[in-house]
Structure formats: C-alpha cells, structure tokens
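A.B. asks: After the sequence you'll find the predicted model.
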Amino acid sequence: MLTDPAFIRRLDSLYLLARKVLGGSLQAERRSAHKGTGITFADYAEYYHGADYRAIDWRVYARFDSLVIKLFELEEDATVYLLVDASRSMESKFLFARKLAAALGYITLKSLDRLAVYGLSDTLDPLLDACRGSAKVLAFLRALEDAKTRGHDTCFTTCARVFQARHRRRGLVIVLSDFLFPDGFEEGLRFLQFHRHDVYCLQIQDESDTRCTWKGDVDLECVETRRRKRVTVTPREARLYQQAVAEWNERLRVFCARNGIGLAYTTTEPSFEKVLQDILRRGGLVA
Amino acid sequence: MTFLSPALLWSLVALVPLAAIYFLKVRPRRRPTTAYFLWERLFQEKRASSLFSRLRDAWSLLLMLLAAAAICLALARPEWADERKDMLIVIDNSASMSAREGRSTRLELAQRAAREIVEGLNGNQRAAIASISRSLSYRSHLTDNPRELLEAIDGIKASARRLDLDSLPSKTCLVDEAAAKEVAVDPPDSREQSEATAGQLQANIPAVGSYRVILVSDGGFNIDSLPADVELLKIGSTLENIGIVAADMAFLGGGTNRLGFYFQVLSTCRDIRRVDLTLSWLDEHSREQLQKVIPLVVQPGENPPETFELADAPAGRWIARLELDDALHEDNAAYLAIAKPKPIRVAVESNDKFFLQNSVHAFSRGDKLLALVEEDAEVVLAKSAAPEAALAMVFQPAAESAWWTELGEEVVAGPARVLVQNHPALRHLDPASIPFIGARQITPTPGAQVLVADDRGLPLIYKARQVNQTAIIVNMDPVAAEFYFSAWFPVLVHSTVTHLAGRENPLAASYRPGESVPIAGGRDNIVSKILGPRVAGSEPAADLAEVKGQWFGSIEQLGFYAVENAEGTQYIGASLFSPEESLVNRDSAESKHEPLSRGRSPAHWLTLVAIVVLTAESILYHRRKVG
C-alpha cells in the first residue's frame, strides 16, 4: 500500500523543509545556521589567529583600520530521524502513523537529507538505517509497509537512550506516537533534547483513546501488557477517564511548549496530506 | 402473627436454586484499552468504594434472596394476631368532627382511620360502615368488599348535629349480608337524612352472631356514656376553640323596638382571650348590616351568660358572630330569627261581652298576641251561642249546634279529670281546680276529642271539628261558677285561642339541628314550603320540602330557613348551640379497643419490600451491565 504508485504520487506533492538548519558534512539543499564557506554572506566577525585571510574584508580595514572577516552561510544536509511508535497501543493508528512517516521520510530523501527510521515499543527497532538520496525511497517505503506493531510495552525513555547510543549526530527527531506511555514521555523527550536534537512530536490519537463509549461491568485489558482488571464503568468513570486523557494530552502540550519542542496533534480522521500540510506548516517544517 | 396459607411457605425452598443460579456469574465483556495505566490510576483513587464493589455481588445475592423470601411470605398471607370478627365501623360525623386538625378536619382523620381498618380487613373479614351524630345511619351492607366499604366511608359528610351515643347499636346482632342486600340503602348523595332508612335497615337485620363495634370519634362525649361493648378509636388532638353555646333574642316589653340579646360562650383555650362578638342584621337581600360590636373577655371554660339590649332594632334575621379563627367554625355564629307576631284577631259573641273582652286583653300588654276586633276575626269567643266562625271557643253550650248532638239538663259535674295530658289548650291550666258549675249533659259530635271530663265521663272541655271549622267547647256556666273572677279564665282563653290559631308554640330565635320547629299558622290542611338553609351572602335558598301540619323537623344545616305559607314568610334560625360539640377536647375519652389490624396487610408490605428490593437490585444490575 505504501509502495503503490498512487501513494508515491501523493507523496511527491509534499515538500519537507527542516524547521532549523542542522549541521552536516555534505552540502545539500538546506541552509544551515552554522557560518562557514558558503557563498551567501551571513555576518562579520573579528579576525582571529588562524582565520582564513581570504575572508578578511579589506574595505572595512581601509575605512576603519580594523581586521574583520566575512562569514558565509554554510549549506549542508540535514538528518531526520523518524521514531514511529510501533507498540500495540498504536494498532488502530499504525497505518495512519506509517503514512505520515512515509510522507515525512519521502520528502527527506527527496531533499537529499539523511533519514533513519525506527520503530518504538519496549525496544528500539530499526526500520531503515541511515541513508540518503531518492534511490532509497522505495526501500524506505517497503520497510514501513512491512513494519508491524509488537512488544509488550512502550519504553520511550529506554528507546531514546538506545537511539542516542546509535546516533550521536544531531538531527531532527520526529516522534510519531499516541504518547500514552505509562512511564511518561518527559524523560525521553528531555534526553533527546539534551543531546541537541531538534525534537518534534506528532501525537496521533483516535476516538478509542480519548473517549470511553462502553459502560457497565467490563474486563479491562491492556493491549500491550495484557493485564486485566474488572471494573464497573459508570458515566462518572467514563467522564473521569476522558478527563484524565485530556489532562495527559495537556501535560504533553505544556511540556513541549516549555521546552521548545514542536508538537502537533491529530486524529486518524483527516487525510494524512491535509494533516501534514496543516500541522507541519503550522509547526514551521514545511515551506 | 399467623399465616392464612402456611403451605405456601414451602415456596421458600425456591431460594436454594435462586442462590445457585446467582453464583453462575456472567463474565463481563473484555474491553481492550490503550490507556490502561490511566484506568488503573482512576480506580486507584476510587479505592474507598472498592469495598462496596467487592461486596456488590454478595449484596445482589442478598437482595435477591430477600425479595424472593418477601414474596414467598406474602404468598403465605401473614396476618397480625387480632380478633378476626366481623365489625361495624361507626364514624362520628357530629358537629365537633368538623374541627380542623391542621389541614384536615377530624372527620377526614376519622375517615382515614376507618380506611386503614378497612385495608386491614385484607378481604377475609367482613365489616359494615355507619355514621353517627344524633342518630345512627348505616352506610353500607356487611361485606368484605373493600371498595364498597371505602365508598361508604367517603360518602360520609359532616353534619351539624350533636352526638347522641344512645343510638349506638348494642352487641347482639349483625347484619347478614344476604338479607341486608334485600334492604334498600340510601344513595350516597342523600345519606345525610337517612334516619328512616337506617331504621328500616336495622329492622331487616337478622341476628347472626357477635361482632365488634368500633366507634371512630374525637371523644367529644362523656366516656361513661359509651356502651361497654363499643370500642373507641379516638382521633384528634387538643384544640383551642371558642364557641357560642347559647343565644336568644326577643323583643322586650315596655318599648316598641327594644330587642334583648342573650348569649353564652365557651372556651377550650387555656388562657383568657379577647374576642369581638359582632351582631349583624340581614336585610331583604340577605346583606349583613353590622349593628353592634361587643368586645368579650373570654375565660377558659364555660363563661357566664350575658345580655345586651338593642334600641330601635328591626325584626328579621340576625347573626351573632365571634370574630376569630379557631378550630371549629360552626359554633362561631348564632343564627337568630325574630319576628313581631301578628296578633290573633279575636271577636266576642255574647250578651255579656265584658269579661270575655277583658280576657282577650289580659296578656296582650306583654305578648300582644291577641287583639280584639269586631269583624274579620280569626277566632270567635262565644257564650251560650254557636258561632259560624272557622275557629271558635264556646262557653256554656246552649240550644242546638253542630258542635254537639245532644244537649241535656244541667248536672252537677264531678271532679274534673284531664284526659289529654299536656294539651296546648290546657297549657298553664289546672282543670281539676276549676268548678265546672252549670255543666249540662252533652254529647259531642262524633270525632270530638274530650280534653277534660268528670269522673262519670261528662265532657267538660272538648275539641270538635267540622269540615273547615274547629271549636273548643267549655261545658260550664262561667257566671254561676264565678269563673270570670278566676285566674284560670284568661289563661284558658289565651291557651285555647292560641291553640286554635295554631300559635300555641312560640317560635324560638334559633333551633339546634335535628330539633323540630313549629310552623306559624301551620295546620294539617295548610301546605307550608320550606326553603333553606340560607346564610348571609348566599344565593337564594332552594325549595327544601313541603310540609303539612304544625311541625317541621328536618333542620340539618346551620343558617336560616324560610317557611312560606298563608301566614306569610317565617324565618327559622339554625345554630349549633351544643357545649358538648363546642368543647372539642374531652380528655376523659381515650381510645379503648382490642388489637386492631389497621392499614395494609403484612402481605402488602412484604410485596412492597420485594418490589423495593428488586428495584435496588435492578439498579445494581443496571450499573453492572450498562453503567
């Protein structure tokens, strides 16, 4: 499905622009905040020992009798990491999440940026090793298509640590998940941010996450851990549950806002293109 | 407690399979959730109620067992261990039962208590309903049909009569249902005046066995007067009431329009009260015209009677009203009707008119009841003559007349004997002390009523009737007997003339309900139309009855009645005037009755418990199944 030509044509219409220009060794299509040896003037700086003589602005020296060097924007490639929640709690939303990931990854590869894709569950599962170039698109899509939900829990913090151990290179880390992590999301996000990754959260939830439509005696079962609990759900409990989910989501929103982490929330109702255009544009990721 | 169907207690065995079935729990549906940790957190906060949740299954089983047990016991028809005899429920509907107890009257409370007794019959005990005020009135047959009994209870209305316990039935017989069905019971809307019917009903009651008589009353009577075999179910509480227990009004002598007003009030209040007594006169449109306000200081208990005089007071209808809001309104007003009587026109036909004329004048200064006329007389006084008048009093019969068939020689009359005691014509008279000198052997016309005769049967005073004529013959020579000088002479003339004119019974200003009321000018051949009752501000009264004769005895309500006949219109006031009824509190009368099943039967309550329990279990079930 993700490798259908029609789907790929839909991906073609989307274009990813990194919210920030990230450091890299190859000169790609993205602009970088780092000053260097590009051709676009960026700023002046005082001359320091060892600086490139070619960068000295002699006109300034002639006028003010002080040595300054011109700085140019460095054009380099970006690294995008897609961390797709592949735990069983994403069962109903997994296809939608993969479509979004496919779109993001496709645009990344088409933009000559580096892309790595991982599945999150109780462990970090590599779906696509770091690669670059349009030639990797099909492999990327096939990897996504073959991905399955798995595991018995979602250990986001553990996954973040494993991810950081594998990729010390800074990049844009996009986490696609419902963020309903029993152990919380703060530690994992903070850990990624600490290692100077640009983190972006794409929260995907559907009605079964946010609403309780059943009442009465039920045997609650955790879709991941398979733990069970017999409870009686009255309208009051249903309301409290919905309130708890709303508070959880609000907690995520506040955390992201305080820590400069981009966040977008979506349900599975709209088409993924619309979501991508609306949400990511609002997040500044799409030009 | 006993069970009417104890065999059905075996149905309790059904509790065992019920419990077994209940233990076959239905597994709740599995609900996968992505936010299990949130649910866990939610129910961790509700740990306080988790004990109830854990016990809920046990609760449900317990409730189901309880409901099933209640139904089984109800099927066994439990009964309180009282005497399951047939009973006669007598509801007091006398005037004091109109006293208000909060929002209800005592009669309503009594009806409620009677309904509870009927509900306690539980369909296996028979009862009859009766009401009692001045007399006992049966309202239903002896039946176990609760609907009939309840309808009979609801049909009882308050009366203005006082309570007379003498009419309570004695414990000798009971209405047989089959026989009683043959007896016509008055319809509900006319049950208030059913003394005759009640008598008829009782007359047709065969004795079938003993029964209980339950009197539901406020105890407004002396408890000692209650028959020993009548059980009293007392209702009502201590109330404060002030009422008029006596009142009268009459024109006083010595003036033209001086009106005397007499009254007495009674109070059940514990302290002294200040109350205004208003005296109003009703004009021809029945509008009240306030004439006098009398401030009263009412002491607790019976107050001494008081009198007042009113100058230039008109005749007609008067209302004396206590301006207060107390328990019993009926005794706050006295309805008084006072009329200036038209004098009876009397003519004299005699050679010596002097003494006869003076006898007419003798009492006219006081009551102005007799007036001497030359023509158009109603009553003719005659001596030695037989006038052709419709009403005549004849002294010393002589010659031939239609009033006697034979008239013989003068005889010596023996001692006079009164043959008709308390005859109005002989009122205030002692005939034995009158010397009937000059009496002649006389044979009255057939049908004559001999009032006084001597020991040999010689008629001395008799009353004879023709087609349209009535005469009283006094067989004596008043001159020879020197009767003209006797004090009895004007008394005899006055009594006889008023009797002949149908005015021998002076009208009282007010009558109690149930009392017989004389009709001015009422005779057997005169029809009098009774209208009423009519009170101030009300619509004109409808025709109540048409009666012949001198008495009307159907006053049931308070207010003013009107009697219309050839004499004109006569007003009759009807007031409560009963210390027993106004004295709404009688501490001496307390409830005394054997154990009595009242209200719904135990089976009813058990069924109700079962319904409530099943409802509770249904709620629990609903919570379990659909939240």
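C.D. replies: That came in fine, so what should we check first? Residues are numbered from 1 along each chain as shown, chains lettered A, B, ... in the order given.
A.B. asks: May I have the secondary structure class of the closest residue to residue B:387 other than its chain neighbours?
C.D. replies: For residue B:387, ignoring the flanking residues on the chain, the nearest one in space by Cβ to Cβ, 6 or more residues apart in numbering or on different chains is residue B:380 at 4.2 Å. Quick note: C-beta positions are derived from backbone N, CA and C, even for glycine. Classification of residue B:380 using DSSP: H, G, I helix; E, B strand; the rest coil returns strand.
A.B. asks: And the helices in the stretch 101-250 of chain A?
C.D. replies: Under the criterion DSSP state H, counting those that start in this stretch, the stretch 101-250 of chain A carries helices at the ranges A:137-146, A:156-166, A:186-194, A:207-210, A:235-259.
A.B. asks: For the ones you listed, please prepare TSV with the additional fields distance to residue A:118 and mean neighbour count.
C.D. replies: Output for the helices of the stretch 101-250 of chain A, formatted as TSV (distance: least, Cβ to Cβ, whole Å; neighbours: other Cβ atoms under 10 Å in any protein chain shown):
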stretch	distance to residue A:118	mean neighbour count
helix A:137-146	11	18
helix A:156-166	6	19
helix A:186-194	12	18
helix A:207-210	22	18
helix A:235-259	20	15
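A.B. asks: Any idea which residue is closest to the centre of chain A?
C.D. replies: residue A:174 (0.6 Å; Cα atoms, centre = their mean).
A.B. asks: now it, which residues is it bridged with?
C.D. replies: Assessed by DSSP bridges, residue A:174 has beta-bridge partners residue A:82, residue A:200.
A.B. asks: wait, isn't it in contact with residue A:202?
C.D. replies: Yes: Residue A:174 is in contact with residue A:202 according to Cβ atoms under 8 Å; the separation is 6.1 Å.
A.B. asks: check which helix or strand covers residue A:7.
C.D. replies: Residue A:7 belongs to helix A:5-12 when assigned by DSSP states H and E.
A.B. asks: again, but for residue B:148
C.D. replies: Using DSSP H and E, residue B:148 falls in helix B:146-154.
A.B. asks: what's that helix in contact with?
C.D. replies: B:89, B:91, B:111, B:114-115, B:118-119, B:121, B:123, B:127-129, B:139-141, B:143, B:188 (Cβ atoms under 8 Å, 6 or more residues apart in numbering or on different chains).
A.B. asks: Also stretch B:27-39?
C.D. replies: Against stretch B:27-39 from outside (Cβ under 8 Å, 6+ apart): A:89, A:178, A:180, A:182, A:208-209, A:214, A:216-225, A:227-231, A:241, A:244-245, A:248, B:624.
A.B. asks: Apply the buried test to the residues you listed and list what passes.
C.D. replies: Listed as buried from the contacts of stretch B:27-39 are A:89, A:178, A:180, A:182, A:208-209, A:216-218, A:220-225, A:231, A:241, A:244-245, A:248, B:624; burial here means 16 or more other Cβ atoms under 10 Å in any protein chain shown.
A.B. asks: Filter those down to the ones in strands?
C.D. replies: Residues of the buried ones among the contacts of stretch B:27-39 located in strands (DSSP state E): A:216-218, A:220-222, A:231.
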